[in-house]
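A.B. asks: no sequence for this one, just the structure:
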Ligand code: PNS
């Protein structure tokens, strides 16, 4: 039986840390569905369509993945897609409480859906979409932290705002 995981997130925008989790996740799962979902706590810089386009370009050489978006509960989506698991990356201890809470809430909502965590690669432990956006906004060099298309689009976005 094919093992499928949903890798959910805001992906605003996708970073090299996300790509690392996807590549390592593919060693465990046959198929990964990367799904953009709404995080009500975050105001996004890129629209859903822009984020999909950035994911498509960044992942164009990777097989056995699919990119999607969904408006609603993650566990409902996972069940609808017959996914065996939700895949999440865990960076430092600071991620733990939020991830723990979300995994337990998701389990309470649907006991059939398991959450699997992968430790983020050491290289990416201090990066996040938010901190990368902040650095890019003020002209910082983020070249080594995001795919080239993301770097380009971040520069374009912030140039249009000034
Ligand atoms: O990349 P993020 O912002 O940390 O991802 C969080 C996300 C989008 C996975 C989370 O907010 C989410 O699952 N949103 C959909 C609604 C939902 O099911 N929330 C969790 C249970 S209340």
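C.D. replies: That came through, no problem. Everything numeric in this text was worked out from a predicted model, so none of it was measured.
A.B. asks: Give me the contacts around the lengthiest helix in the chain.
C.D. replies: In the chain, assigned by DSSP state H, the helix with the most residues is helix 93-109. With C-beta atoms under 8 Å, 6 or more residues apart in numbering as the test, helix 93-109 has contacts from 73, 74, 75, 86, 88, 90, 113, 114, 115, 117. C-beta here means a position set from N, CA and C on the backbone, and glycine is covered the same way.
A.B. asks: Report the two of the residues you listed separated the most.
C.D. replies: 73 and 90 (21.5 Å; C-beta to C-beta).
A.B. asks: Report the buried residues of the longest helix of the chain.
C.D. replies: Judged by neighbour count (16 or more other C-beta atoms under 10 Å), helix 93-109 contains these buried residues: 95, 103, 106.
A.B. asks: Could you pull up the mean pLDDT of the strand or helix carrying residue 151?
C.D. replies: Secondary structure from DSSP states H and E places residue 151 in helix 148-161. For helix 148-161, mean pLDDT is 95.
A.B. asks: same thing with stretch 49-64?
C.D. replies: Stretch 49-64 shows an average pLDDT of 98 in the prediction.
A.B. asks: What segments of the chain are strands?
C.D. replies: Secondary structure of the chain (DSSP state E): strands at 4-9, 31-36, 65-69, 85-90, 114-119.
A.B. asks: Mean neighbour count and distance to the ligand for these - can I get that in a markdown table?
C.D. replies: Converted to a markdown table, the strands of the chain look like this (neighbours: other C-beta atoms under 10 Å; distance: least, C-beta to the nearest ligand atom, whole Å):
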| stretch | mean neighbour count | distance to the ligand |
| --- | --- | --- |
| strand 4-9 | 23 | 3 |
| strand 31-36 | 23 | 8 |
| strand 65-69 | 16 | 10 |
| strand 85-90 | 21 | 8 |
| strand 114-119 | 16 | 10 |
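A.B. asks: Can you say which of those strands is nearest to residue 161?
C.D. replies: Judged by C-beta to C-beta, the one of the strands of the chain that comes nearest to residue 161 is strand 31-36, at 22.1 Å.
A.B. asks: That closest one - what's its average pLDDT?
C.D. replies: The average pLDDT within strand 31-36 is 98.
A.B. asks: what's next to it, contact-wise?
C.D. replies: Applying C-beta under 8 Å, 6+ apart, the external contacts of strand 31-36 come out as 2-11, 22, 25-26, 48, 51-52, 55, 59, 64-70, 74, 77, 81, 83, 87.
A.B. asks: same question, stretch 74-87
C.D. replies: For stretch 74-87, the external contacting residues (C-beta under 8 Å, 6+ apart) are 3-8, 21, 25, 29, 32-33, 35, 37, 70, 103, 106, 109-110, 112-116, 118.
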